[in-house]
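*Asks:* got a predicted model here, sequence first, then my questions.
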Amino acid sequence: MIVSKFGGTCCTHLNAAKVKQVLTPNHHVVVVSAIGKTHPTDTKVTDLLIALHNNLPDVSIFDLVAQKYQKLAKICQYTQIDALLSSTITDIVTKNNYHNTISKGEEMSARLFAHYLGYQYVEAEELFAFDGSSVNLKQTFVNAKKAYALYGNFVTGGFYGGSSVGRQTFSRGGSDVSGAILASALSATLYENYTDVNGVCVANPSRVSLPFTARCISYDDMYLMSRLGANVLHPDAVTMARQSNVPINVRSLFEVSDFGTLITSASSPQQVLGITESQLEDGYQTNVIHSLDGFSILARLARVLIEMPNLQVFSVTQKDNLVSICTNMPIIKAIYNCLLTNCAN
Ligand code: ASP
């Protein structure tokens, strides 16, 4: 029994057919995100909805959202799109509530994909029970089991649920959490997380060219990476899967023959598991998550950093399997090259 979550890039009109192709009779539960970017300078639907909320009662931004869903509806052969768009904007304006507005992308994606895949649509508001801003897992597990028993196959929107006062959203990237909760509730054999990269890269591919992809990584190391800025998976999704011991498979919709990365309780054979970077007010923090002796990593890095002109090192911390270095300039490329290119991993 597999629970699959498809990220925003997978849910565009360009890629919807690929979603249908990868599903097998074992894929019983599908969680979808709002439509993501179709090209690098495009804007994600959730960001458009945030802008829409900030501009209410001006609803002109909704046209951009509507155009994206019109295109997806064509692929999904969803003929009631005009009615769906019109009830969506009416609800947004009437309720004028931030969480309600920004959840609408996931709801529309789920309705269209449910139709396209021939799965039952289950409203996320009735599945994910929130008490205030936190999920009531006990109630949500009961709801999920009931939906699964009733429908067998279903599609739901990620990122939001319902509370006594209306819709409530998770933090950004929260569809990962929705998928992990359903996988745990239904004791799935696998939680597949489809995205646009071939798994969990050792470093962000937009910062380092063609980074090495980890084939397996432990929940603990993945959690650390997610917390420290690797935005491939929401940290709460890792916590949830770890608690119920459901393996997570992060993989690409665009290279389905590539198995991607498997996240389980087994520790990784790799020595350098991840290099993340976050921007600070006055510089950069670079983190190395590793399975080596931290002092030997520092000794390797010192030789490289010492040769960088104008580099100021503000602080270096080394504890357990994490080395963090704060500097005045970005050093992720130098660190990556030092640890993964020059020295054998
Ligand atoms: N659409 C939401 C976001 O952009 C949630 C998600 O995609 O996971 O953050």
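*Replies:* Nice, I can see it.

*Asks:* list the contacts for the nearest residue to residue 312 once chain neighbours are set aside?
*Replies:* Nearest residue to residue 312 in three dimensions, chain neighbours excluded: residue 328, at 4.2 Å (CB to CB, 6 or more residues apart in numbering). From N, CA and C alone the C-beta is placed, and that goes for glycine too. The contact partners of residue 328, by CB atoms under 8 Å, 6 or more residues apart in numbering, come to 282, 283, 284, 310, 311, 312, 314.

*Asks:* the residue nearest to the fourth one when sequence neighbours are not counted and the ligand, how far apart?
*Replies:* The shortest distance from residue 310 to any residue that is not its chain neighbour, by CB to CB, 6+ apart, is 7.1 Å, and that residue is residue 329. Using CB to the nearest ligand atom, to the nearest Å, we find residue 329 at a distance of 29 Å from the ligand.

*Asks:* may I have the distance across stretch 263-281, first residue to last?
*Replies:* 33 Å (CA to CA, to the nearest Å).

*Asks:* likewise for stretch 318-328?
*Replies:* Per CA to CA, stretch 318-328 runs 19 Å from first to last residue.

*Asks:* mean confidence (pLDDT) on it, please.
*Replies:* Across stretch 318-328, the average pLDDT comes to 93.

*Asks:* what do you get for stretch 278-297?
*Replies:* Mean predicted confidence for stretch 278-297 is 91.

*Asks:* distance between it and the chain's centre?
*Replies:* 23 Å (CA atoms, centre = their mean, to the nearest Å).

*Asks:* cool, stretch 63-78 as well?
*Replies:* 22 Å.

*Asks:* buried ones in it?
*Replies:* 65, 66, 68, 69, 71, 72, 73, 75, 76, 78 (16 or more other CB atoms under 10 Å).

*Asks:* got the confidence number for the nearest residue to residue 108 once chain neighbours are set aside?
*Replies:* Excluding its sequence neighbours, the residue lying closest to residue 108 (CB to CB, 6+ apart) is residue 69, at 5.3 Å. Per-residue confidence (pLDDT) for residue 69: 98.

*Asks:* now for whatever residue of the stretch 51-200 of the chain ends up closest to the ligand, how many residues are close by?
*Replies:* Minimum separation of the stretch 51-200 of the chain from the ligand (CB to the nearest ligand atom) falls at residue 175, amounting to 3.2 Å. For residue 175, the neighbour count with other CB atoms under 10 Å is 30.

*Asks:* hmm, residue 159 and it touching each other?
*Replies:* Yes. Under the criterion of CB atoms under 8 Å, residue 175 makes contact with residue 159 at 4.7 Å.

*Asks:* picking up where we left off before, the residue nearest to residue 108 is in what secondary structure piece?
*Replies:* Using DSSP states H and E, residue 69 maps to helix 62-76.

*Asks:* mind giving me the packing neighbours of that helix?
*Replies:* Other helices and strands packing on helix 62-76, by 3 or more CB pairs under 8 Å, 6 or more residues apart in numbering; DSSP states H and E, are helix 16-22, helix 45-55, helix 81-95, helix 104-117.

*Asks:* got the angle between it and helix 45-55?
*Replies:* Relative orientation of helix 62-76 versus helix 45-55 (axes from the mean of the first three to the mean of the last three CA atoms, to 10 degrees): 150 degrees.

*Asks:* so what's the residue count around the residue lying closest to residue 118 once chain neighbours are set aside?
*Replies:* Nearest non-adjacent residue to residue 118, counting by CB to CB, 6+ apart: residue 153, 7.9 Å away. Neighbours of residue 153 under the rule other CB under 10 Å: 16.

*Asks:* ok, now residue 79?
*Replies:* By the measure other CB under 10 Å, the count of residues near residue 79 is 10.

*Asks:* same check, this time on residue 167
*Replies:* For residue 167, the neighbour count with other CB under 10 Å is 24.

*Asks:* buried stuff in the helix or strand harbouring it?
*Replies:* Element membership of residue 167, judged by DSSP H and E, is strand 166-169. Neighbour-count burial for strand 166-169 flags 167, 168, 169 (criterion: 16+ other CB under 10 Å).

*Asks:* isn't the second one right next to residue 130, touching?
*Replies:* Yes. Applying CB under 8 Å as the test, residue 168 and residue 130 come out as touching, 4.1 Å apart.

*Asks:* which neighbours do the two have in common?
*Replies:* Common contact partners of residue 168 and residue 130 (CB under 8 Å, 6+ apart): 161, 162.

*Asks:* mind listing what residue 188 touches?
*Replies:* Listed by CB under 8 Å, 6+ apart, the contact set of residue 188 reads 1, 2, 3, 29, 182, 246.

*Asks:* so which of those belong to helices?
*Replies:* residue 182 (DSSP state H).

*Asks:* please convert the buried members of the contacts of residue 188 into PyMOL selection syntax.
*Replies:* In PyMOL, this line selects whichever of these come out buried by 16+ other CB under 10 Å:
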select buried, resi 2+3+29+182+246
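
*Asks:* closest one of the contacts of residue 188 to the ligand?
*Replies:* The ligand lies nearest to residue 182 out of those, by CB to the nearest ligand atom, at 13.7 Å.

*Asks:* residue 3 is in contact with that closest one, correct?
*Replies:* Yes. Counting by CB under 8 Å, residue 182 touches residue 3, with 5.1 Å between them.
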